[in-house]
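Engineer: Please work out how this folds:
(one chain, ligands or ions: 1)
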Amino acid sequence: MGKDIKAYNNILELIGNTPLIRLNKITDDCKGNFYAKVEAFNPGHSTKDRIALYIIEEAERRGILKPGDTIVETTSGNTGFSLAMVSIIKGYDCILAVSSKSSPDKIDMLKSMGAKVYVCPAHVSADDERSYYNVAKRLHEETKGSVYINQYFNDLNIEAHYKTTGPEIWEQTNGHVTHVVACTGTGGTLSGIGKFLKEKNPNIRILGVDAYGSVIKKYHETKEFDVEEIYPYRIEGLGKNLIPTATDFDVIDKFVKVTDEESAHMTRNIAKTEGLFVGYTSGAVVQAIKQYAEEGEFDENSKVIAIFPDHGSRYMSKVFNDEWMNAQGFFDSVNAEEQKIEFI
Ligand code: PMP
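Structural biologist: Coordinates of the predicted model:
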């Protein structure tokens, strides 16, 4: 029965194998050929589906997880959503310790996917027992048969991209890829892709994107952790105030830093020029491509892959919200009249 029905068995079978889409307008002013790997085509709308599935299945292979056990992580972002999604299908409980800074929307989204959410005070230091790091650690220790994903310090994060995203790019470009550009948060995406592609061809350039306010670029250049580099910024998922072991600094050739404002406008411009409704860090990647192009990184023969990590719908109250843009002062540099909605 059902042999003639062409259906997936469940949503997890749709993870990975995301499309490469040529950028036709937004990079017009740069030498080279540019393609976006659009990770919003994953069923959980972000690249984090890959690591959620891979880390959970690796724990199953190692006999650490069995149905009814528990997944624990500290995130209100894309990883939380992906873990909750994988947990539903595989029959695990999912506990997410999130910061009280997380928007109510995000917390509702995780709850909608069946996760148990613990909201922890944002103002306490990381070593306070109420911090989301310590709450997650405690819940993991107290819960028998639980796995703590710990994406910033988990080698399986790199391995997930080494086994999936990297080979996909190699195949999709018939081995002609010359550059990959990606934002790093945990660093897992760019490190895994970079490790795989450099084994195929060590001349492929692996280019990182960091935020002003993050320590990653300076650490890459000097191996020094410079607290002076740390200050608040708005882009979520990009950069960090610590050094994640899920970043393999050796496979990354270079970093540039991008501003919140330029990345925000670029995100909106990607939607308007390419019809691609993608997240804030996709705008950051295109902004970085412009900066790399100015530095002479590309020529006419370059085949550059930009990683677009997630979908624009996650940013309706931020970059795609005019009031938010205005409140950040981001409309000062552009024609504000053009951005206004007409009420009839
Ligand atoms: N963009 C977004 C929106 C993210 O959530 C993340 C992950 N924190 C990244 C980019 C960076 O990916 P990675 O953690 O693999 O470096």
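
Engineer: can you give me the strands in the stretch 51-200 of the chain?
Structural biologist: For the stretch 51-200 of the chain, applying DSSP state E, counting those that start in this stretch gives strands covering 70-73, 93-99, 116-120, 146-148, 179-183.

Engineer: Out of the ones you listed, which is the most enclosed?
Structural biologist: Of all those, strand 179-183 carries the top mean neighbour count, a mean of 26, counting by mean count of other C-beta atoms under 10 Å. C-beta: built from backbone N, CA, C; applies to glycine.

Engineer: So which other helices or strands are in contact with that one?
Structural biologist: Counting contacts by 3 or more C-beta pairs under 8 Å, 6 or more residues apart in numbering; DSSP states H and E, strand 179-183 packs against helix 188-200, strand 205-211, helix 280-294, strand 303-308.

Engineer: out of the ones you listed, nearest to residue 156?
Structural biologist: Shortest distance between residue 156 and those, using C-beta to C-beta, is found for helix 188-200: 8.7 Å.

Engineer: and that closest one, anywhere near the ligand?
Structural biologist: Yes. Counting by C-beta under 6 Å from any ligand atom, the ligand has neighbours in helix 188-200: 188-189.

Engineer: Give me the buried positions along that helix.
Structural biologist: Judged by neighbour count (16 or more other C-beta atoms under 10 Å), helix 188-200 contains these buried residues: 188-198.

Engineer: Any chance of those residues in CSV with pLDDT as columns?
Structural biologist: Shown next, in CSV, are the buried residues of helix 188-200 (pLDDT from 0 to 100):
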residue, pLDDT
188, 98
189, 98
190, 98
191, 98
192, 98
193, 99
194, 99
195, 98
196, 99
197, 98
198, 98
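
Engineer: Now the phi/psi pair for residue 19, please.
Structural biologist: Main-chain torsions, residue 19, degrees, to the nearest 10: phi -80, psi 150.

Engineer: residues touching it, list them.
Structural biologist: Counting by C-beta atoms under 8 Å, 6 or more residues apart in numbering, residue 19 touches 37-38, 41.

Engineer: what does residue 70 give?
Structural biologist: Here residue 70 is in contact with 92-95, 143, 145-147 (C-beta under 8 Å, 6+ apart).

Engineer: mind checking how far the closest residue to residue 318 other than its chain neighbours is from residue 26?
Structural biologist: Spatial nearest neighbour of residue 318, excluding adjacent residues (C-beta to C-beta, 6 or more residues apart in numbering): residue 324 at 5.3 Å. Per C-beta to C-beta, to the nearest Å, residue 324 is found 22 Å from residue 26.

Engineer: coming back round to it: which among the helices and strands packed on strand 179-183 is found nearest to residue 248?
Structural biologist: helix 188-200 (3.9 Å).

Engineer: What helices and strands are in contact with that closest one?
Structural biologist: helix 155-163, helix 165-172, strand 179-183, strand 205-211, strand 303-308.

Engineer: Please compute how far it lies from its chain's middle.
Structural biologist: Remark: helix 188-200 is offset 15 Å from the chain centroid, using C-alpha atoms, centre = their mean, to the nearest Å.

Engineer: can you list the residues that contact that helix?
Structural biologist: 47, 51, 151, 157-163, 165-167, 169-170, 175, 177, 180, 182-184, 204, 206, 208, 246-248, 251-252, 307, 309.

Engineer: show me which of the residues you listed neighbour the ligand.
Structural biologist: Counting by C-beta under 6 Å from any ligand atom, 183-184, 309 from these sit close to the ligand.

Engineer: Which of these sits closest to residue 329?
Structural biologist: Scanning these for proximity to residue 329, where the rule is C-beta to C-beta, the winner is residue 183, at 22.8 Å.

Engineer: okay, how far is it across stretch 33-45, tip to tip?
Structural biologist: 25 Å (C-alpha to C-alpha, to the nearest Å).

Engineer: Any regions of this structure where pLDDT drops low?
Structural biologist: Applying pLDDT under 70 to the chain picks out residues 1-2, 333-341.

Engineer: and whichever residue of the stretch 201-344 of the chain sits closest to the ligand, helix, strand or coil?
Structural biologist: The stretch 201-344 of the chain approaches the ligand most closely through residue 237 (2.6 Å), counting by C-beta to the nearest ligand atom. Here residue 237 is coil, with the state taken from DSSP: H, G, I helix; E, B strand; the rest coil.

Engineer: residues contacting it?
Structural biologist: Contact partners of residue 237, counting by C-beta under 8 Å, 6+ apart, are 77-78, 183, 185, 279-281, 309-310.
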